[in-house]
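Participant: next come a sequence and a model predicted from it.
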Amino acid sequence: MGKRSVSKESEKQTPTETIGGQERSPVHVVYGGADRFESATPMKLGRLAVASVRSFAPNFAVFAGALRLRGSEHLPSFPKAVKQLEAELKATPEKIRHQDHGAWFAWTVYNKTIEKLKREAIEDFRIDFEDGYGFRSDEEEDGHAISASSELATLINKGRNTPFCGFRIKPLSAATKERALRTLDLFLKNLTEKIIVHFPTNLLVTLPKVTSAKQVKELCKRLSSFERKNELRKNTIGVELMIETPDSLIDSRGRVAVRGLVDAAKGRCTSVHFGAYDYTSALGIAAAHQDIRHPACSFARHLMQTALAGANVRLVDSVTTVMPVPVHRADSLTEHQKAENRRVVHSAWHRHFDNVTNSMIDGFYQSWDLHPNQFPARYAAVYAFFLSEMYPQAARLRGYIDKAAKATLTGNMFDDAASVAGLVNFFSVGITCGAFSEDEVTDIVGRPIAEIA
């Protein structure tokens, strides 16, 4: 057992990471079964993500075409022509941006995505003891609670952990409550014993299929007891709630329930996740039509937004279940099989890209990834969402700043204080997710976004 050095109440803890003066928010959460988690898992998944781009999108034009980025239809298709255009973009990016915005846009999104995958492919990882793990014997789950927490401790001790991390226990319903709490206790106890540096401030426990405030209170009570016993600051360990059933949104009396679930955590809840597939299943929607884009899911998301406005929690959308994996995996493939693999992967990339984009349009800037081949479409969607509107929105914001307290018209867009608040939020989120830097925004807007806010 290593020497313990967890942070006490009187000790200074590592602060939550900030970007551009704002608390960082992850753009995704990656789920993986506890039985398969190792300290090498994040790095391994990152390498697989990079390999998928190299295999199925060898240049920015192919990648843009697969995702159907704006203007991708005008990009060259022959590799030699693409290479020549890429050389021009590297030499004079601003010149090309003014002459051919579509080429600059596709090239920038591609390169930002590749750089991100190499540097930090996973922002938030969740070790899963629920749906991604299944039901096993107590002896087996006990063993995985110990092994997974040991592997996580190794990452933490080496300073290589993902920016956000945590684990998902089973629901606190009658059938699985005892098992869920046993896993919780084993995981945290072993993690604490194996950590030889400060206890992480980015650790989260995910509570699935929440149906009552009583379940939330019980989990938080357990965590509070653990923190006191180990001399950790109050609320060091965060809680995420998963909204997956109709009664977690609206109770039996017809009252909105979700805000009460968050309030029951008394400041410990950091985010609320929406589980589209359990939710639509509970509504009796046929399997063929269960999808993150179903109108029932739109209703649930909007109700969550309304109920949790001002609650200071992140809203996290659900998952794309179509995986961008090749259908042919033999050592030697025919040209037809290679082409079919590309079509399958590109189609799944486009679907995930669309779903992520739609989530962000709805104000959900984080959602789930289940496979490393989804990461390229994830980051491309995030960067495309912000970069596509970076300059037009900057012009609107400058126009408002120039006229200070007066409502203004930029082009055919009328802006007042309310819409400008939306513009500030756009740039703030874009900075925290890495789509552009604080300096870039200051250059094109004219002053720091924090000052405008």
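Facilitator: Structure's in. What do you need? Residues are numbered from 1 along each chain as shown.

Participant: helix or strand for residue 96, just tell me which one.
Facilitator: Residue 96 belongs to helix 93-99 when assigned by DSSP states H and E.

Participant: so residue 166 sits in a strand?
Facilitator: Yes: under DSSP: H, G, I helix; E, B strand; the rest coil, residue 166 falls within a strand.

Participant: counting neighbours, what do you get for the nearest residue to it once chain neighbours are set aside?
Facilitator: Leaving aside its chain neighbours, residue 166 sits nearest to residue 204 (3.3 Å; criterion: C-beta to C-beta, 6 or more residues apart in numbering). To be clear about C-beta, it is placed using only N, CA and C from the backbone, and glycine gets the same treatment. If you count neighbours by other C-beta atoms under 10 Å, residue 204 ends up with 22.

Participant: wasn't residue 204 part of a strand?
Facilitator: Yes: checked against three-state DSSP, residue 204 lies within a strand.

Participant: report the contact partners of it.
Facilitator: Contact analysis of residue 204 by C-beta atoms under 8 Å, 6 or more residues apart in numbering lists 126, 164-166, 237-240, 270-271.

Participant: quick one, strands of the stretch 151-300 of the chain?
Facilitator: Using DSSP state E, counting those that start in this stretch, the strands found in the stretch 151-300 of the chain span residues 164-168, 203-207, 238-243, 269-274.

Participant: kindly write the PyMOL command that selects the buried subset of the contacts of residue 204.
Facilitator: For the buried members of the contacts of residue 204, the matching PyMOL selection, counting by 16 or more other C-beta atoms under 10 Å, is:
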select buried, resi 126+164+165+166+237+238+239+240+270+271
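
Participant: output the contacts of residue 204 as CSV; include the columns distance to residue 77.
Facilitator: Shown next, in CSV, are the contacts of residue 204 (distance: C-beta to C-beta, whole Å):
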residue, distance to residue 77
126, 40
164, 39
165, 42
166, 44
237, 52
238, 47
239, 50
240, 44
270, 45
271, 42
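
Participant: tell me if I'm right that residue 365 and residue 433 touch.
Facilitator: Yes: Residue 365 lies in contact with residue 433 (C-beta atoms under 8 Å); the separation is 6.8 Å.

Participant: between the two, what contacts are shared?
Facilitator: Common neighbours of residue 365 and residue 433, using C-beta under 8 Å, 6+ apart, are 25, 27.

Participant: got the strands of the stretch 151-300 of the chain as TSV, with mean pLDDT and distance to residue 131 columns?
Facilitator: Shown next, in TSV, are those (pLDDT from 0 to 100; distance: least, C-beta to C-beta, whole Å):
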stretch	mean pLDDT	distance to residue 131
strand 164-168	97	8
strand 203-207	97	11
strand 238-243	97	10
strand 269-274	96	12
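
Participant: export the ones you listed as a markdown table, with columns for distance to residue 354.
Facilitator: Putting these into a markdown table (distance: least, C-beta to C-beta, whole Å) gives the following:
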| stretch | distance to residue 354 |
| --- | --- |
| strand 164-168 | 25 |
| strand 203-207 | 26 |
| strand 238-243 | 23 |
| strand 269-274 | 17 |
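
Participant: residue 82 is nearest to which of those?
Facilitator: Among those, the nearest to residue 82 by C-beta to C-beta is strand 164-168 (36.2 Å).

Participant: mind listing residues that contact the closest one?
Facilitator: 26, 29, 31, 34, 123-130, 132, 148-149, 152, 155, 187, 200, 202-208, 238, 240.

Participant: show the buried residues in those residues.
Facilitator: 26, 29, 31, 34, 123-130, 132, 148-149, 152, 155, 187, 200, 202-208, 238, 240.

Participant: circling back: I'd like the next helix or strand past the helix holding residue 96.
Facilitator: Where DSSP H and E defines the elements, the next helix or strand beyond helix 93-99 is helix 101-120.

Participant: same for whichever helix or strand comes after that next one, what does it pack against?
Facilitator: Toward the C-terminus, helix 101-120 is succeeded by strand 124-128 as the next helix or strand (DSSP H and E). With contacts taken as 3 or more C-beta pairs under 8 Å, 6 or more residues apart in numbering; DSSP states H and E, strand 124-128 sits against strand 28-33, strand 164-168.

Participant: can I get the ones you listed in a markdown table with distance to residue 369?
Facilitator: Compiled in a markdown table, the helices and strands packed on strand 124-128 are given as follows (distance: least, C-beta to C-beta, whole Å):
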| stretch | distance to residue 369 |
| --- | --- |
| strand 28-33 | 5 |
| strand 164-168 | 13 |
